[in-house]
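Enquirer: curious how this folds, go ahead:
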Amino acid sequence: MKNYTQFAHSDVNFNDSLPGIDRNNLDLLLPHDFPGRDYFISFYSNQNGGYFDGGAYIYLEDFHALKPGERDLFEIEAFHFIPAFEKQEDRRLTSIPEVIGFRKKAHDVSSIFLKENIPFAGDAGDNDFWLNTSTGSISYTITYELTTHPSTTFVAPDFRTFCNAVRGSLKPM
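Expert: Reported below is the predicted structural model:
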């Protein structure tokens, strides 16, 4: 099912979203204010997760000048969904609580990190994009490098900026 999307680039092919989550439930899930919170709530109240058919990409150079050796290109496979009811599953998407459970069990990721960060998206390599609910910033972790206190790579200053930078194709060389 093709869904209404909130991406700035028209070439983004975002599909299979679940019905949006009630705004009141999202307010309860995210009780503290942070930059980009309203956009995150708007996004998930319209579409709950989704799969990027054909892939999607984000470039750090869209946000800041890269340092020598700094990674620029990130691929995004899907946005995770927020369950509307207990044990909700989807054939293409993973839920945010599932990802949290996987990271806790397999990598002993710190409760402090998980209290302040939500894994809202992933790439095809099972790596995660995290929304920091204190700062609003988006970071990335490589799953096999996860530890009790994960090392993160800054990706975007907030969720809106992240979504506006998502592209459905690679930039021309």
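Enquirer: could you use CA atoms for every contact and neighbour count after this?
Expert: OK.
Enquirer: how about the least confident helix or strand in the chain by mean pLDDT: buried residues?
Expert: Among the helical and strand segments of the chain, the one scoring lowest on mean pLDDT, DSSP states H and E is helix 111-116, with a mean of 86. The neighbour-count check on helix 111-116 (16 or more other C-alpha atoms under 10 Å) flags L114 as buried.
Enquirer: any buried residues in the longest strand along the chain, and which?
Expert: Longest strand in the chain by number of residues, with DSSP state E as the criterion: strand 50-59. For strand 50-59, a neighbour-count test (16+ other C-alpha under 10 Å) marks 50-52, 55-59 as buried.
Enquirer: from those residues, which is closest to F129?
Expert: Nearest to F129 among the buried residues of strand 50-59 is I58, at 11.4 Å by C-alpha to C-alpha.
Enquirer: need the helices for the protein, in chain order.
Expert: Ranges of helices in the chain, per DSSP state H, are 23-29, 37-46, 96-107, 111-116, 159-165.
Enquirer: ok so, going back, CSV please, covering the buried residues of strand 50-59 and showing pLDDT and distance to S110.
Expert: Output for the buried residues of strand 50-59, formatted as CSV (pLDDT from 0 to 100; distance: C-alpha to C-alpha, whole Å):
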residue, pLDDT, distance to S110
G50, 96, 27
Y51, 97, 28
F52, 96, 29
G55, 91, 30
A56, 97, 29
Y57, 97, 28
I58, 96, 27
Y59, 95, 28
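Enquirer: so how far is F40 from the nearest residue in space to Y39 that is not next to it in sequence?
Expert: In space, and not counting its chain neighbours, Y39 is closest to R160: 6.0 Å by C-alpha to C-alpha, 6 or more residues apart in numbering. Distance from R160 to F40, counting by C-alpha to C-alpha, to the nearest Å: 7 Å.
Enquirer: who has more neighbours, these two?
Expert: Taking neighbours as other C-alpha atoms under 10 Å, R160 and F40 compare with R160 leading, 21 against 18.
Enquirer: and the more buried one, what does it touch?
Expert: 36, 39-40 (C-alpha atoms under 8 Å, 6 or more residues apart in numbering).
Enquirer: from the residues you listed, which is closest to A65?
Expert: Closest to A65, out of all of those and judged by C-alpha to C-alpha, is G36, at 22.0 Å.
Enquirer: wait, the closest one touches D158, no?
Expert: Yes - between G36 and D158 there is a contact under C-alpha atoms under 8 Å: 5.4 Å.
Enquirer: anything in contact with each of the two?
Expert: Joint contacts of G36 and D158 (C-alpha under 8 Å, 6+ apart) are G136.
Enquirer: number of nearby residues for P172?
Expert: P172 sits with 4 neighbouring residues when counted by other C-alpha under 10 Å.
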